[in-house]
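In: Structure for the following, please:
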Amino acid sequence: MVLIILFPFLLVLTVTVHYGFLTRLMAILDTGWAQSIKLIAIICGLFVAHVVEVVVYAFVYYFAHLIPGFGELPGSSFEDWINTLYFSFVAYSSLGAGDLSASGWFKILYGLEAINGLVLITWSASFSLLAMNRMKFCQPCSESDSIE
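Out: Model (predicted):
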């Protein structure tokens with residue numbers, strides 16, 4: 001029951017964080033910086049956005065052990081911050097953790113985090129592509145468009 005309330009909150013929070021990062025990264029496109037610096041700044045900014053989103057989920061895993069019956073991390077503990085953060089990175093990136101597995105509702109949250117991460121990662125890829133198009137990153141590509 002807690003998951004029905006918790007996950008929509010996490011979804012809205014991570015999407016809002018991502019949107020906030022993307023809107024601020026758009027400002028980089030209007031700077032007078034060199035094209036390579038703009039692209040590096042955008043990619044690094046996207047990376048930071050994803051790390052922040054992973055940490056959001058890690059905090060939930062870390063404190064969810066306080067909810068009776070929510071689940072556990074057999075052989076380890078979500079009270080160990082490194083394992084919690086690692087578990088969240090693996091879930092978010094849809095990599096799949098073979099060495100750590102959750103039980104109870106954590107399994108469902110793990111899967112939902114993977115879908116959320118996939119959506120946000122593809123949103124970042126789309127944003128990167130649009131940013132490169134706006135910067136005319138591929139000069140030969142933009143020249144072929146004007147020939148037609």
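In: Give me the pLDDT value at the residue nearest to the spatial centre of the chain.
Out: Of all residues in the chain, the one closest to the mean position by Cα atoms, centre = their mean is H50, 3.5 Å from it. Predicted confidence (pLDDT) for H50: 98.
In: Also the one 5 residues further on?
Out: At V55 the predicted local confidence, pLDDT, stands at 98.
In: Report the buried residues of the host helix or strand of it.
Out: Assigned by DSSP states H and E, V55 falls within helix 35-64. Residues 38-39, 42, 45-46, 49-50, 53-58, 60-62, 64 are the ones in helix 35-64 that count as buried (16 or more other Cβ atoms under 10 Å). Every C-beta, even on glycine, is put in place using the N, C-alpha and C of the backbone.
In: residues near the closest residue to A64 other than its chain neighbours, how many?
Out: Nearest residue to A64, sequence neighbours excluded (Cβ to Cβ, 6 or more residues apart in numbering): F70, at 5.0 Å. Using other Cβ atoms under 10 Å, F70 has 20 neighbouring residues.
In: quick one, what contacts F70?
Out: 2, 64, 104-106 (Cβ atoms under 8 Å, 6 or more residues apart in numbering).
In: Kindly report the same for I121.
Out: 50, 93.
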